[in-house]
Each structure stands twice: as C-alpha cells, then as structure tokens.
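S.K.: Okay, here's the prediction I keep looking at, along with the sequence it came from:
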Amino acid sequence: MGNIKKMRKKMRPVDRVKDILAYIGIYSILIVVSISILYPVIWIVGSSFNPGSSLASATSIPKNPTLNNFIRLFEETDYKRWYLNTLSVATVNMIVSVLLVGTMGYVFARLKFAGKKFGLLTILILQMFPSFMGMIAIYVFFLNFGLLNQPLALVIIYSAGQIPYNTWLIKGYLKNVSTSLDEAAQIDGATKLQIYTKIVLPIMFPILTFVAITQFMAPWFDYILPSFLISSTEKKTLAVGLYELINSQTNTNFTMFAAGSVLVAGPVAILYLFLQKFLISGLSAGANKE
Amino acid sequence: MGKKKTKKWWQKLIGERMTSSGWLSFFVFGLGQLKNKQKGKAAFFFAFQFVYILAEIVSSSLVMGSIPGQPDYWGYGFFRKSLHGFITLGETTGGRFRDNSPVMMIEGIIAIFLLLILVVIWTMNIKDANESYLSYQRTGQIQSSKDFYKEVFETSFAYVVSAPALILMLFVSILPIIFSFLTAFTNWDAYHNPPADLIDWVGFDNFTKIIELPGWRTTFLGVAGWTVTWAVVATFTTFFGGLLLAVVINNKRVVFKKVWRTILILPWAIPSMVSLLVFKNFLNQTYGPLNRMLGMDIPWLNDPTVAKITLVVINFWLGVPYFMMLMTGVLTSFDKTIYEAAKVDGASARQSFWKITFPILLSQVKPLLIMSFASNFNNFGVVFFLTGGGPRNIAYEYANYTDILITWIYNMTKDFKMYNMASVMSILIFLLIGGISTWNFLRSDAFKEDI
C-alpha cells in the first residue's frame, strides 16, 4: 500500500488521471457485478420470510418477517420425505460410486492387460453422451425388472453414468504419482489386491473425496432422471418436488418455494464456498483429462 | 538381420497357420487342446460352448414345453428366439401371444452381445490350439494346464475387480445407447404404441423425413442453428467475462480481495437449478420484481429475441465464476520474469497482456474451452428451467423458439412419445459432439502418453 502511495507521488499528472480512471473502472465493474449477483439472492431469501404467499407480494426486505412459509412447507407438502429420499439416494450413490470408481481408476492407471486401449476409448466415448440419451431403453429395462418408481434405482444410473468420467479423473490423478512404491511392494511379493488397499488407496484419498462430494451432490438437483423414472409423490426427490411446487399453475406457492430453496441451497452454497479451492482443482483436472 | 515378416490380420487372430489341432478346436471348443494333451485347458474352453448350448436347449420348448397354439418362434431357444425377434420385431399383436417390440429389440441386442463374446472365445480357443501345437513341434514341450490357470489368474485380476463396474456400464450406458441408436431406424412414434402395436424397421426413413418434410426441416434448421449460436455465444461470453473479472480482482488496486471474491463466486456455489427457477420468477413479466423495480413491462422470457438474450445473460451469471476461478489459477501460475523482460523492452501493460498473457492463457485453457462448448451445446437446465423452450412457435414440430436440440429431444421423448425422431437427433448430436471431443482428445498430451 505504502509503495503505491509513494509511486503516486512520483507520477506525472497524465498518469495520475489514468490511475484514477483505472480505480473508477475497476470499482464500478466490481460494484455492478456484485449488485447483479446479490440482488436476486437477497430477494429470494427475503421472499422466504414474506407473510404473503404470491409472487407479486414477495419483497426483498419483508416488513413483517415470518417463519410461516417454512412451517407450511413441512405441513402442507412432502418436503421432509423428499429430503430424506434424496439424502438416502445421495448417500448410497456416494458409497457405491467410490467403491466402483476407485478400483476402475487403479486398474486403468496402473495395470497392463489385453483390451485396455479399447476399454479406455470406449469409456471416453461413453462419457460424451448425456445420461438421458438412453433413457427410453432404461425405462423399458426398469419396467421389466420392476425397478420403476424406486428411488434407489436412481443410484444405479447415477453411479454407472459417472463411471467413465471419474475413471479418467482418477487415472489422470494417479499418473502424476510415481509408481516406485507399487514396484517395491511387488518385488516384496505383495499381491495386486494388497498393493491396491495398502498403497494406492491412501494415495487416491484426495481425489476419491472429490468424487464422493460430487456424487453426493448430484442427486439433489438432478431433475431429468427422477422426472422420468419416479411418478408417485412420496417417492419424489427434492429437485422434482421443488420444480412442481413452483411450476403448478396457481401463483400461491411462491414464498413456500422460496423457503424450500433457501433451506436446501443455503447449506450447499456454504459447503461449496468452504471447499472452493479443493473443488475447483478437481473440476479443472477433470476437464483437462491430464 | 533376417527379413521380418509382417503378420497378416488372420494370423493375429488364429495364430501362424491352421493345424490339425486348430481344426479340431474349430468345430468343438477345447478338442484341439485335448489332442495337444492339455486336459485342463480343454475343459476350460469346452465349458463355454457347453454353457451356451445348454442355455439354448433349456430355454427352448424342448425343455420348457409349449402352450397350445403358440407361434413356432415362441418355442425357440433364447439365442434363436432373440435373433428372430430382433429381425422381425414381432409378428402378432393382442391376445395371449402378443409380441412386445422394444423388449424384443433389447433381448436381441443382449443375444448379439453374448454371441460376440462367444466368437471372441472361439477364436482364442483356435489360436491357442494352433500355437500350442506349433510350439510342441518346435520345442517338444507343452505348457501344463496348471501353468495355464496360474497365468489366467495373474492376468485376470484387472478384469475381476473391474467387472462390477463394467457390467453396470454395459446395462446402464452401452446397451441403452445402442438401443437408442437402433430406435432411429424404426417407426416407434406416437402412432405406434407398443405393446398394443408392433414396431418395424424403416431404414433411413426418419433421416429423410428431416430433409423432405417441410415441418421437420424448418424445425431442425431452426433449432440446430440456435443451438450452435447459443453454444458459441454462451462459451465466449463466460470465457471473456471470467477473464475480465479475474484480471480485475487480481489488480493491485483492489482492497478486501477476499470479500469481493466470495461475492463473485456465489453463483457457482448456489445449485444452478435453484438459481434458474428463482430467475424464472425474478424475470416474470407481470409480477417479477425486476419489471416492478424498473417500472417497465419488458417480456424477458416471453418474446423470442428478448428470451434468447436473457438466456445468454443468465448463463453468463451462472458460468462466469467458474471461468474466473480457473483463470485466476492459470494467471497466478505464470512465470513473472517474462513480464520483467517485456517491461525492459518497453512494452506497455496492455501490450504485455495481449501479446504475452493472453496467448499463453488461451493455449492452456483451449481444451477446457472445447469441453465448455460441448456442455453448453447440451445445456438442458438453462433452457428447460427458464423458458421451457417457449415462447410458442407454431411453425415448429414439438419445439418452440428457444428450444435447443437436447430440450427438443426431451420433449419428444417425455411428452410426445416421438422416440424415433428423438433418436435421430441423438445420433446427430453424438456425431457432432463426439467428433469435436475426440478430435480435442486426440491432440492432448493425455492421449499420446496413455495409449
């Protein structure tokens, strides 16, 4: 800071004007952007405490704040049930995914076997498909196996659908770790299973944590899959429930929707802000495929 | 240095040449191995043929018995019945013996897949018989079956541990995608509703429909054109917006950097589905707070052109933070000495940004930019939650003004049961996105080092 002040004193008048203009430019950008980010956020939080129920009456700063919307949310809708459904899907999905993907990543990163090249190219191509591309077939499968309208059936699709992407992610992560430990263990006569559990698994811990978080988060805001595969109200997940709350033609549910949104988006946003560095490095690693 | 013969393709498959053992294994799995005095290995290969034939017999009417009056093909074994069903897609409707075409298609795909596996094992079996025979002739030694099993166990670890994931992928990703591809060549639409009706193969009819029928042609050109425009504009706005904010926030003049940064990445932290549904109401023409605050009546989401601009702007709101954080990471990892050198040479700040920083930045984020283009191309959420494809366009088939290809497919699948046309669009998307991503990937270091 002191440095800048000193520099400013030395400046010629022209540079001084430029410097002031730069200040104005930078801060006006920051202020405009911040307002456009914060205004909708404040508005929706304010709306959730609004005494009225319609969109027209919702204001950013309610005059008589009330918790009524939150109470109505639990009494008049199946919000709690949606929440629990989603929580169980998310938890099981997280566990299944980590188990499946950990071994896949290890196998494709460290082992040599016939068909590896073919396998890698296959999963590379597979991850380019949006998951509902094969939805009709999945629908027919599930219909025949009696899995339709089962929240846990979603787990199968979530975890299987992300295998290709996550395998590449872990493979890329392991590539940057030296194989000397594995080799030493192999010379000492360790089996592949021992090498995996004792050596590679601890190394993979950070990237597996990333996989766990993203797989846990996925079901909370996925709308397409459950809208296809779940039909009864008490088995819905949160995303479908929230969407239908707001999309029903009556204009009377708005503040209740606001309450529901704040209740689920709040914790998520806080979590993301805390884990931002960790999540961003994981995301860019995945995009780089390196 | 002797002349090294290049192997012909069939030599890779079945070994150097066909031998008497090879011919035995050609007809009966493992018989050649038996002749080579490798009993254990013979049993291993024979087991496959045995299981397949057993499955075929057990599932046929020979074992299952038949119901009076059932069509002949209902009594076939699993493989023959599935292949027959796959080709015909069903022959009878209604009553006790009605055929369900989609199920027959899936069974057919599974049968073909299983048979392909059998063919692979069959060739391995022939190759092994030939090679063991030739190596015995040359060296007089036979690999014992015990050694063989040991070798199989050593090499199969990778397959065993990845089997659960592979099987899951097979049923949830691969088979459905093949099924979806095949659907594009059928007449499975709103007017053919299985199991009440049968579906038939129609060849490339659905593809020619898009070219020949004016309604489909207009829709396709309109929607595809908007999808490409959308993907390009959405990617570039978020990229340059993110770059600008990264440069601004890293400027030495900014105080309380942490506070500003937290505000700026807020849209990334909020689940996008919630943000989009909130914006849908925020921009409501009559009751939304934005129009009320401005005291105006702007049709943010209700006018074709305005709605498209709104989509881009909201996508900007959602997508900029991610790029901003990415660019910040890249910018801080730069080698500072290069700027010192530029300064000595008399470069201005602006020059050193556009001549040094920007080109390096671009080369680093290029793969990300291409991936971002691909994901914007299929950005279902922004369109579906904000406009739902609207406002209405009566000239389009099953689509509206702001629909992109992926939401069009969703509408056709979920609401209108136009499965065949939806599948045609899926194929087109796949060719485009798959082509771009593969090209992108083939150029990357990851590919060169890994494969």
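M.R.: Now that the structure is in, tell me what you want to look at.
S.K.: Let me see the domain layout of chain B.
M.R.: B:9-183, B:205-450 (automatic domain parsing).
S.K.: Make a markdown table from those and add distance to A:L208 and mean neighbour count to it.
M.R.: The way it works is simple: take the backbone N, C-alpha and C, and place the C-beta from them, glycine included. Compiled in a markdown table, those are given as follows (distance: least, Cβ to Cβ, whole Å; neighbours: other Cβ atoms under 10 Å in any protein chain shown):
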| stretch | distance to A:L208 | mean neighbour count |
| --- | --- | --- |
| domain B:9-183 | 14 | 17 |
| domain B:205-450 | 20 | 18 |
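S.K.: okay, those domains in a markdown table with mean pLDDT and distance to chain A next?
M.R.: Shown next, in a markdown table, are those (pLDDT from 0 to 100; distance: least, Cβ to the nearest Cβ, whole Å):
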| stretch | mean pLDDT | distance to chain A |
| --- | --- | --- |
| domain B:9-183 | 85 | 2 |
| domain B:205-450 | 86 | 4 |
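S.K.: Just send the ones you listed back as CSV, with distance to A:N85 too.
M.R.: Output for these, formatted as CSV (distance: least, Cβ to Cβ, whole Å):
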stretch, distance to A:N85
domain B:9-183, 20
domain B:205-450, 16
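S.K.: Which neighbouring elements make contact with the longest helix along chain B?
M.R.: Using DSSP state H, we find that the single longest helix of chain B is helix B:101-139. Secondary-structure packing of helix B:101-139 (3 or more Cβ pairs under 8 Å, 6 or more residues apart in numbering or on different chains; DSSP states H and E): helix A:135-145, helix B:9-14, helix B:20-27, helix B:31-35, helix B:39-58, helix B:78-88, helix B:175-183.
S.K.: at 6 Å what do you get?
M.R.: If contacts are counted by 3 or more Cβ pairs under 6 Å, 6 or more residues apart in numbering or on different chains; DSSP states H and E, helix B:101-139 sits against helix B:9-14, helix B:20-27, helix B:39-58, helix B:78-88.
S.K.: Quick one: distance of that helix to the chain centre.
M.R.: Taking the mean C-alpha point of helix B:101-139 and that of its whole chain, the gap between them comes to 27 Å (Cα atoms, centre = their mean, to the nearest Å).
S.K.: Tell me what angle the helix or strand just after it forms with helix B:101-139.
M.R.: Scanning forward in sequence from helix B:101-139 by DSSP states H and E, the next helix or strand is helix B:145-169. Orientation of helix B:145-169 against helix B:101-139 (axes from the mean of the first three to the mean of the last three Cα atoms, to 10 degrees) gives an angle of 160 degrees.
S.K.: For helix B:145-169, which outside residues touch it?
M.R.: For helix B:145-169, the external contacting residues (Cβ atoms under 6 Å, 6 or more residues apart in numbering or on different chains) are A:100, A:103-104, A:107, A:111, A:113, A:160, A:163, A:192, B:38, B:40-41.
S.K.: relative orientation of that helix and helix B:39-58 in degrees?
M.R.: Using the same axes, to 10 degrees: helix B:145-169 against helix B:39-58 is 40 degrees.
S.K.: By proximity to chain B, which residue of chain A wins?
M.R.: A:G134 (2.4 Å; Cβ to the nearest Cβ).
S.K.: need the contact list for that residue.
M.R.: A:G134 neighbours (Cβ under 6 Å, 6+ apart): B:176-177, B:180.
S.K.: out of those residues, who's nearest A:T167?
M.R.: B:I177 (17.1 Å; Cβ to Cβ).
S.K.: per-residue pLDDT, the closest residue to that closest one other than its chain neighbours?
M.R.: Distance criterion Cβ to Cβ, 6 or more residues apart in numbering or on different chains; nearest residue to B:I177, sequence neighbours excluded, is A:G134 at 4.9 Å. Looking at A:G134, its pLDDT reads 76.
S.K.: roughly how far apart are A:G134 and A:A258?
M.R.: A:G134 sits 36 Å away from A:A258, going by Cβ to Cβ, to the nearest Å.
S.K.: Equivalent analysis for A:I213, please.
M.R.: Taken as Cβ to Cβ, the span from A:I213 to A:A258 is 26 Å.
S.K.: Please say which of these two ends up with more neighbours.
M.R.: A:A258 (29 against 17; other Cβ atoms under 10 Å in any protein chain shown).
S.K.: what pLDDT does that one get?
M.R.: So, for A:A258, pLDDT stands at 89.
S.K.: Check the one 5 residues further on too.
M.R.: We note a pLDDT of 90 for A:L263 in this prediction.
S.K.: is it true that B:T328 touches B:L245?
M.R.: No - counting by Cβ atoms under 6 Å, B:T328 stays clear of B:L245, with 8.8 Å between them.
S.K.: Output the below-cut-off pLDDT ranges for chain A.
M.R.: A:1-11, A:130-132, A:249-252, A:284-290 (pLDDT under 70).
S.K.: what ranges do the helices span in it?
M.R.: Counting by DSSP H, the helices of chain A are A:2-10, A:13-48, A:68-76, A:79-110, A:116-126, A:135-145, A:151-175, A:180-187, A:192-194, A:201-217, A:224-229, A:238-247, A:254-274, A:276-288.
S.K.: now the stretch 201-350 of chain B
M.R.: B:205-212, B:214-249, B:257-264, B:266-269, B:272-282, B:289-294, B:304-332, B:337-344, B:349-352 (DSSP state H, counting those that start in this stretch).
S.K.: will you turn the ones you listed into a markdown table that also has distance to B:L442?
M.R.: Listed next are the helices of the stretch 201-350 of chain B as a markdown table, based on distance: least, Cβ to Cβ, whole Å:
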| stretch | distance to B:L442 |
| --- | --- |
| helix B:205-212 | 28 |
| helix B:214-249 | 21 |
| helix B:257-264 | 35 |
| helix B:266-269 | 30 |
| helix B:272-282 | 31 |
| helix B:289-294 | 46 |
| helix B:304-332 | 23 |
| helix B:337-344 | 30 |
| helix B:349-352 | 33 |
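S.K.: Report how many residues lie close to A:S60.
M.R.: 16.
S.K.: check contacts around the residue nearest to it when sequence neighbours are not counted.
M.R.: Closest residue in space to A:S60, ignoring its immediate chain neighbours: A:G46 at 4.2 Å, by Cβ to Cβ, 6+ apart. For A:G46, the contact set (Cβ under 6 Å, 6+ apart) comprises A:60-62.
S.K.: go again using 10 Å as the cut-off
M.R.: A:58-62, A:65, A:255, A:258, A:262, B:289 (Cβ atoms under 10 Å, 6 or more residues apart in numbering or on different chains).
S.K.: So B:L170 sits against B:F113, correct?
M.R.: Yes - using Cβ atoms under 10 Å, B:L170 is in contact with B:F113, at 7.9 Å.
S.K.: hmm, back to that, next one: the residue nearest to A:S60 from B:W9, what distance?
M.R.: Relative to B:W9, and taking Cβ to Cβ, A:G46 is found at 71 Å.
S.K.: cool, and B:M273?
M.R.: 51 Å.
S.K.: Next: B:F430.
M.R.: Distance of B:F430 to B:W9, computed by Cβ to Cβ: 29 Å.
S.K.: likewise B:T218?
M.R.: 48 Å.
S.K.: before we move on, the earlier item: tell me which two in the contacts of A:G46 are the farthest apart.
M.R.: Farthest apart among the contacts of A:G46 - using Cβ to Cβ - are A:P65 and B:P289, which lie 17.0 Å from each other.
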